[in-house]
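# here are the coordinates; sequence isn't available:
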């Protein structure tokens, strides 16, 4: 009896150590099992390459494990954890994904390159015509039967001095809808790349790096600013699709970063009931205008300032003045660019005008189209919110849905956990307003995709019965708004386990990317 009690006491005393041991065993069983699966069941290459890739995957797993152990032993702030994790994971995504293979990265790069040429005074012997290899890259991404080895041989053609050139700018009409301000971070990198090299891959990689640095800095600042829900912000920033979009040249890099910071500042002011000083007013107005310029569908976000109260200002008059200026300025800026973009859209995609007319003439039918889309593809939106089959290389890569569902569960569990016992005070009327913003923004996203993309003859056509082209990553900023709605629900959960889960799930995603380009 005494021996039994003694054993129980020993187990209780060393409970934390035993948990760590079991977690380590589980971690490495998962890491080695995943690596072996992708090595033996997926990769179709030589044994030497298989072994190199297998070792590479184990190195990634070891790096992740070391970081997680470091976070457990030392009390590191959430925003610093994010910087470390985002940097290490970003390097792996960066190395695993060849330039041009991000979602629509070719078209976004063309836009950034044009911006760099137009708005810098650097005189170089170059033009906007690109080698045929860029066109073949598009064929590769959309042809599941074409091997990467067939494409990689074209890398030598990625030179600005190539005798054979092809102008691809007209093939990507959709890039004309994006504001130049949306690409400033990447344009800086591309400009640096143009100075140091005439190789398109080098130039593009420079654009990737500066864009990712901007994204990490903005997200880290947002995580640092929020007084609560830090784990939720950290996890949503670490979603595989979020990191992948940021590491590649994309319009979502700046959009997601700006939306995250804007929401974080407002959340802090409402949560702590802090006064908004003059400098912060300027920041919020600039961020609101940036959001409206990045994507008009996120324009409703600027009305989140209505959640603020007069207690956040010196007087009721200052409160009304600030909210009015911010909303009016962002609406004017957003609608002005929308008019310019609509002209380009109408000239490049004539079907969009007919699709808009169809919606206006058949509003009830369009409601039915949205309903059918949700019923048919609703589960895919949840799947794609974290990873999704559109995450990488279009049809070339399919990340298993179970990974997305696990990450989604961890994300929403973190939404209901708090770092302190305080509760965000948002009255029912304001919750209803946030719910309307979530609904309205989601509706605008669906409508914009239906007009711009589904209208194309080869995609869906006028009056297509479902909306085609919606991707879960478009709703990442929308999910952030849930912090204003689910403010009183508490869940007793180990945040470290949730963060560890999301980080661990990156391994099969990176493995799958490596499989595509092996």
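On my side now, so go ahead. Keep in mind that what you see is a predicted model, and the values were worked out from it rather than measured.
# for stretch 460-477, how far is the first residue from the last?
27 Å (CA to CA, to the nearest Å).
# ok, and for that stretch, which residues are buried?
By neighbour count with 16 or more other CB atoms under 10 Å, stretch 460-477 contains the buried residues 460, 463-464, 466-477. In this view, the C-beta of every residue, glycine as well, is placed from N, C-alpha and C.
# Over to stretch 193-211?
Applying 16+ other CB under 10 Å to stretch 193-211 flags 193-194, 198-211 as buried.
# Just give the closest residue to residue 63, not the sequence neighbours.
residue 88 (5.8 Å; CB to CB, 6 or more residues apart in numbering).
# The one you found and residue 313: what is the separation?
Plainly put, residue 88 is 42 Å away from residue 313 if you go by CB to CB, to the nearest Å.
# same check, this time on residue 182
31 Å.
# and what of residue 420?
Counting by CB to CB - residue 420 and residue 313 are separated by 25 Å.
# Neighbour count: those two, which is higher?
Set side by side, residue 420 and residue 313 show more neighbours around residue 313, with 20 against 8, by other CB atoms under 10 Å.
# Quick check: buried residues in the helix or strand containing residue 60?
Assigned by DSSP states H and E, residue 60 belongs to helix 47-73. Neighbour counts over helix 47-73 (16+ other CB under 10 Å) mark 50, 53-54, 56-58, 60-61, 64-65, 67-68, 71 as buried.
# where does the stretch 351-500 of the chain dip in pLDDT?
Applying pLDDT under 70 to the stretch 351-500 of the chain flags the ranges 388-400, 487-492.
# how about a cut-off of 90?
351-358, 360, 362-363, 373-431, 446, 448-475, 485-500 (pLDDT under 90).
# can you map out the strands along it?
Using DSSP state E, counting those that start in this stretch, no strands are found in the stretch 351-500 of the chain.
# what about the helices in it?
Under the criterion DSSP state H, counting those that start in this stretch, helices of the stretch 351-500 of the chain are mapped to 351-361, 363-386, 401-415, 428-449, 476-480, 495-504.
# Now residue 196: closest residue in space, sequence neighbours ignored.
Using CB to CB, 6+ apart, the closest residue to residue 196 is residue 202 (7.2 Å).
# mind checking how far that neighbour is from residue 246?
For residue 202 relative to residue 246 (CB to CB), the value is 20 Å.
# quick one, longest helix in this structure?
helix 316-348 (DSSP state H).
# That helix packs against which elements?
With contacts taken as 3 or more CB pairs under 8 Å, 6 or more residues apart in numbering; DSSP states H and E, helix 316-348 sits against helix 278-294, helix 351-361.
# now the angle from it to helix 278-294?
20 degrees (axes from the mean of the first three to the mean of the last three CA atoms, to 10 degrees).
# Identify the residues contacting the one residue sitting closest to the centre of the chain.
Taking CA atoms, centre = their mean, the centroid of the chain lies closest to residue 242, which sits 2.7 Å from it. Residues near residue 242 by CB atoms under 8 Å, 6 or more residues apart in numbering: 236, 256, 473, 476.
# one more time with 10 Å
86, 215, 219, 235-236, 252-253, 256-257, 260, 385-386, 473, 476 (CB atoms under 10 Å, 6 or more residues apart in numbering).
# Please report the distance of it from residue 464.
29 Å.
# The nearest residue to residue 292 once chain neighbours are set aside - how many residues pack around it?
Distances taken as CB to CB, 6+ apart put residue 334 closest to residue 292, at 2.8 Å, once the chain neighbours are dropped. Other residues lying near residue 334 total 24 when counted by other CB under 10 Å.
# Same question for residue 497.
Residue 497: 12 neighbours (other CB under 10 Å).
# coming back round to it: so which of the helices of the stretch 351-500 of the chain is nearest residue 280?
Closest to residue 280 of the helices of the stretch 351-500 of the chain, according to CB to CB: helix 476-480, at 19.2 Å.
# Check which helices and strands that closest one sits against.
helix 230-237, helix 240-247, helix 252-272, helix 363-386, helix 401-415, helix 428-449 (3 or more CB pairs under 10 Å, 6 or more residues apart in numbering; DSSP states H and E).
# centre of the chain versus stretch 50-64, how much separation?
25 Å (CA atoms, centre = their mean, to the nearest Å).
# Can you list the neighbours in contact with that stretch?
27-28, 30-32, 34-36, 38-40, 42-46, 85, 88-89, 91-92, 95-96, 500, 503-504, 506-508, 510-511, 514-515, 517-518.
# Now that we have the helices and strands packed on helix 316-348, can you turn them into CSV and tack on distance to residue 187 and mean neighbour count?
Formatted as CSV, those follow (distance: least, CB to CB, whole Å; neighbours: other CB atoms under 10 Å):
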stretch, distance to residue 187, mean neighbour count
helix 278-294, 14, 19
helix 351-361, 27, 16
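# And the helices in the stretch 1-150 of the chain?
Going by DSSP H, counting those that start in this stretch, the stretch 1-150 of the chain shows helices at 2-13, 15-37, 47-73, 78-96, 105-119, 132-142, 148-152.
# Out of these, which one sits most buried?
Most buried of the helices of the stretch 1-150 of the chain, by mean neighbour count (mean count of other CB atoms under 10 Å): helix 105-119, with a mean of 22.
# Please tell me how far the nearest residue to residue 433 once chain neighbours are set aside sits from residue 442.
Computed as CB to CB, 6+ apart, the closest residue to residue 433 that is not its neighbour in sequence is residue 306, at 6.3 Å. From residue 306 over to residue 442 the distance is 19 Å, taken as CB to CB.
# circling back: out of the helices and strands packed on helix 476-480, nearest to residue 78?
Per CB to CB, nearest to residue 78 of the helices and strands packed on helix 476-480: helix 230-237, 4.1 Å.
# ok and that closest one relative to helix 240-247, angle-wise?
60 degrees.
# possible to save the contacts of residue 242 as CSV with distance to residue 366?
Shown next, in CSV, are the contacts of residue 242 (distance: CB to CB, whole Å):
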residue, distance to residue 366
86, 39
215, 34
219, 35
235, 34
236, 30
252, 26
253, 31
256, 28
257, 32
260, 31
385, 24
386, 29
473, 23
476, 25
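# The residue nearest to residue 63 against residue 503, yeah?
Yes - using CB atoms under 10 Å, residue 88 is in contact with residue 503, at 9.5 Å.
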